[in-house]
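Engineer: Requesting a structural model of the entry that follows:
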Amino acid sequence: MSLFKARDWWSTTLGEKEEFDQGCLCVADVDNSGSGQDKIIVSSYMGYLRIFNPHPVQPGDEVQPEDLLLEVQFREPILQVEVGKFVSGTEGLHLAVLHCRKLCVYAVSGTLGNVEHGNQYQIKLMYEHNLQRTACNMTYGPFGGVKGRDLICIQSMDGMLMLFEQESYAFGRFLPGFLLPGPLAYSSRTDSFITVSSCRQVESYKYQVLAFATDADERQTEQQKHSSGKKLVVDWVLNIGEQALDICIVSFNQAISSVFVLGERNFFCLKDNGQIRFMKKLDYSPSCFIPYCSVKEGTINTLIGNHSKMLNVYQDVTLKWAAQLPHVPVSVKVARLQDLKGVIVTLSDDGHLQCSYLGTDPSIFQAPKVESREINYEEFEAEMKELQKNIREATKTQDVLPKSEKHRDVVVTAEVSPDLDAESQAIDSEVKAEAVPSVTVKVTVQTRVAVQKPNLAVCIQAPLAVTCDQFLFDDLEPDSSETVFLSVFLKGNCPPSELEGSCLVSYTIPTELNPEGIPRVAECNFKLPLRLICFPAQPSKAANHKITIDTNKPPISFLTLFPDFLDSSEDDQANALGFQFLTGSKTTLLASKTSQRYRIQSDQLEDLWLITKELTLRLQEHFKKKNCKDFACTFSGSIPLQEYFELIDQHFELRLNAEKFQELLSERAVQFRAIERRLLTRFKDKTPAPLQHLDTLLEGTFREVIALADAAEENQTNLFQAFSKLKCATHLVIMLISLWQKLSTDQIAVLEATFLPLAEDTQELGWEETVDAAVSYLLKTCLSKSSKEQALTLGSELSMPKDTNRLKKNITLLCDRLAKGGRLSFSTDSATQQAVALPG
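Structural biologist: Numbering: from 1, shown residues only. Sure thing, here's the model as predicted:
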């Protein structure tokens, strides 16, 4: 036993599968023995009532049969038990048992036994009250200042206080603003009831105010409106900001009367008028508490149990002791048992009843003596050299991750069909073309070990879509595989910015230490064919947007580069190729016969991106197969910034429209609700009144709301298409800048992180403000001209700008700085640069 465990004096376990709560424990001299010894009364939700009188010979002894004085089972669950002067004509203590729909008062008596079985105890029903409402809890006391007897107040689940003057029912009152019942206590000093409402306020109601208030059972007729009944008014209110677990009211000789409230995270001590005497913030979740008398004058001790199986002793707000309990207490009491004062009685929700006291146990452990031996320094030195050698070898072999790459437990592969589907699998496509093609992707999951809960997710960026993006498999055995087929197609009516997808498999592998399994992920990427979004068409000679890509090798015939778009019979058009997109636009690719150049032209800037990317990739693959390592592409023309800025303005204008639609919808919704309230008031009025065209106004407002919602939805669709076009144009601008300035892979990654920080565009965080912050960061760090620019600080909050002038100015400045030799480098060698992560 450790130093701070509660010392077990007597304990037992009650019943099997019974449930207990806060009101199920009470200690008192219930049989009126006159010896001053308390008995422990325990009830349960299963209807059992037990009375114990523990008297162990030695602390921690087993329970003796004679410790249980009485055990009775009732037909109904027992919510709470209390002991008080509940019977008229006598000041003896009686037992009050609260059921859901009944209150019973019993007399507990014992008769001396003539045989060795000991005394016999029995209970006798004195009276009972059948309740019209479902009870929650109860309290008792000398209500109204009566002498020599206790009255009972029961709180129902619907907020009614039912008061009983012993054998007779007195009256009932509803608490104002009631929602859910809270703890209830009675203060004899102020003759008031104190509870905590659902508003998280401690409320006090005078008994006299309750008695003279309007009866809860009366109906408000026209005659009773002029009767003597008064409205129930609260005496005082204190907002504690949390729900309360229990309320206790104490008044000891050396301390003033105090109201103790145990909250979910705080512990409050209040004066009689509701002012806070002190409060203690708890760093744990409490379960029960009870104040008791302190040896120091002017202070009060409090026992607080928590869900960490601890019992803390506080003197006002100072923690004096903490003891470990074997269970989580739901109720705690302080009793006098067998001439032992201050026994702590605790009860858990599963029926563990324990009587304990505070104390310490001396430590009987003694460390054994260590055998002294001579130290062999040569052996230690040889062992140290061996360990250092192992450490050096372990640091040299940096194959912790590559090992798992070579021998991966689970491998996922995706194989894209070389041909389009004979029968298209496109579903709900918004493309207005005659036929929307689809391509089949075969995904295979192979495993070498046993795998649990494998889940395959296929990620495709909109406007592309898949027929099914989630697959759940059963647990896989070692050396097994699963294969699924899915189709990819163009769903949105705009060109995609990427023709790529990824497959992710999440799974768990069980181990000896972790039977539930260690979560892991395997992934692979796949590339989609260009034929999925366009088909061959006649080249067009005129176009609004043209770019020229220079190479250092002679031009390659398009029959070789694009065999999927040209047949061998079309040899006369081998230097010109047309691409007709499913969305309606057309792009033409031209190869120069005399120079090493390729021209891409189209009426839309964003349509140039995918064709340009496909051209450069196929050229690199072609020369890679021929083992030509010095192939390179360059761009010597001007970056189409003005056309790019037009796409930015179109996207930003749609974002502004979305804000306007949102404001208008909010205004019309407020107007619609106001008209509804007016109409409801007219309809509820007993005397009919003309509607004054409110119904016409309501119908007109409803039509405006529907029209605005449709316009906002259409604007949202246009905004998504504009963002897709903007991403295509941004990819194109990044590629042209990289070919223009011959940027490295790391520098291209910096540009992509700057211009493409968002996968999706929202009103809260949009593309314009994010890119503006990232470009400004580049201009003030690696592309700065002087240290003065580096000293400028960036704003910490991103908000939607008023216009795009600053963004366009910064993008133009970024291109100028790159043209003058600036480099996108974040190396720490430069004194004027700092290694800070890019926004996004």
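Engineer: Domains in this protein, by residue range?
Structural biologist: Residue ranges for the domains of the chain, per the TED database: 5-211+232-359, 410-530, 534-635, 652-820.
Engineer: Turn those into CSV, including distance to Asn390.
Structural biologist: For the C-beta atoms, the positions are set from N, CA and C on the backbone; glycine is no exception. Output for the domains of the chain, formatted as CSV (distance: least, CB to CB, whole Å):
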stretch, distance to Asn390
domain 5-211+232-359, 43
domain 410-530, 24
domain 534-635, 42
domain 652-820, 36
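Engineer: Could you dump the ones you listed into CSV and include mean pLDDT and distance to Leu641?
Structural biologist: Formatted as CSV, the domains of the chain follow (pLDDT from 0 to 100; distance: least, CB to CB, whole Å):
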stretch, mean pLDDT, distance to Leu641
domain 5-211+232-359, 89, 57
domain 410-530, 87, 19
domain 534-635, 84, 11
domain 652-820, 84, 6
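Engineer: could those domains be laid out in JSON lines, adding mean neighbour count?
Structural biologist: What follows is those, written out as JSON lines (neighbours: other CB atoms under 10 Å):
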{"stretch": "domain 5-211+232-359", "mean neighbour count": "17"}
{"stretch": "domain 410-530", "mean neighbour count": "16"}
{"stretch": "domain 534-635", "mean neighbour count": "16"}
{"stretch": "domain 652-820", "mean neighbour count": "15"}
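Engineer: Assign Gly172 to helix, strand or coil.
Structural biologist: Of the three states, Gly172 takes strand under DSSP: H, G, I helix; E, B strand; the rest coil.
Engineer: just checking, Val670 is part of a strand?
Structural biologist: No - assigned with three-state DSSP, Val670 falls outside any strand and is helix.
Engineer: Gly159 touches Pro181, doesn't it?
Structural biologist: Yes - counting by CB atoms under 8 Å, Pro181 is a contact partner of Gly159 at 6.8 Å.
Engineer: rewinding a little: among the domains of the chain, which is nearest Ile375?
Structural biologist: Closest to Ile375 of the domains of the chain is domain 410-530 (CB to CB; 36.6 Å).
Engineer: Let me see the contact set for the closest residue in space to Ser258 that isn't next to it in sequence.
Structural biologist: Spatial nearest neighbour of Ser258, excluding adjacent residues (CB to CB, 6 or more residues apart in numbering): Cys269 at 5.3 Å. Counting by CB atoms under 8 Å, 6 or more residues apart in numbering, Cys269 touches Ser258, Val259, Phe260, Val261, Ile276, Arg277, Phe278, Met279, Ile300, Asp316.
Engineer: And His129, by the same measure?
Structural biologist: Lys102, Leu103, Phe164, Tyr169.
Engineer: Moving along the chain from the host helix or strand of it, name the first helix or strand you hit.
Structural biologist: Here His129 sits within strand 120-130, counting by DSSP states H and E. Elements were assigned by DSSP H and E; along the chain past strand 120-130, the next helix or strand is strand 135-141.
Engineer: Can I get that next one in PDB, CA atoms only?
Structural biologist: Output in PDB follows, covering the C-alpha atoms of strand 135-141 (Å, rounded to 0.1, in the frame of the first residue of the first chain):
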ATOM      1  CA  ALA A 135     -39.800  12.500  -9.500                       C
ATOM      2  CA  CYS A 136     -36.200  13.400  -9.900                       C
ATOM      3  CA  ASN A 137     -34.800  14.200  -6.400                       C
ATOM      4  CA  MET A 138     -35.900  15.500  -3.000                       C
ATOM      5  CA  THR A 139     -34.800  17.500   0.000                       C
ATOM      6  CA  TYR A 140     -36.100  18.000   3.500                       C
ATOM      7  CA  GLY A 141     -36.000  20.400   6.500                       C
END
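Engineer: Beyond it, next helix or strand please.
Structural biologist: Sequence-wise, the next helix or strand downstream of strand 135-141 (DSSP H and E) is strand 151-156.
Engineer: What helices and strands are in contact with the helix or strand following that following strand?
Structural biologist: Next along the chain after strand 151-156, taking DSSP H and E as the criterion, comes strand 160-165. The contact analysis (3 or more CB pairs under 8 Å, 6 or more residues apart in numbering; DSSP states H and E) places strand 160-165 against strand 151-156, strand 168-174.
Engineer: Ok, which of those strands comes nearest Ser540?
Structural biologist: In terms of CB to CB, the element of the helices and strands packed on strand 160-165 nearest to Ser540 is strand 168-174, at 82.6 Å.
Engineer: which residues are in contact with that closest one?
Structural biologist: The contact list for strand 168-174, computed with CB under 8 Å, 6+ apart, reads 129, 151, 159-164, 210-211, 213, 215-217, 232.
Engineer: Taking the residues you listed together, which two end up most distant?
Structural biologist: His129 and Leu232 (22.3 Å).
Engineer: Make sure Pro536 is indeed in a strand.
Structural biologist: Yes - assignment of Pro536 by three-state DSSP places it within a strand.
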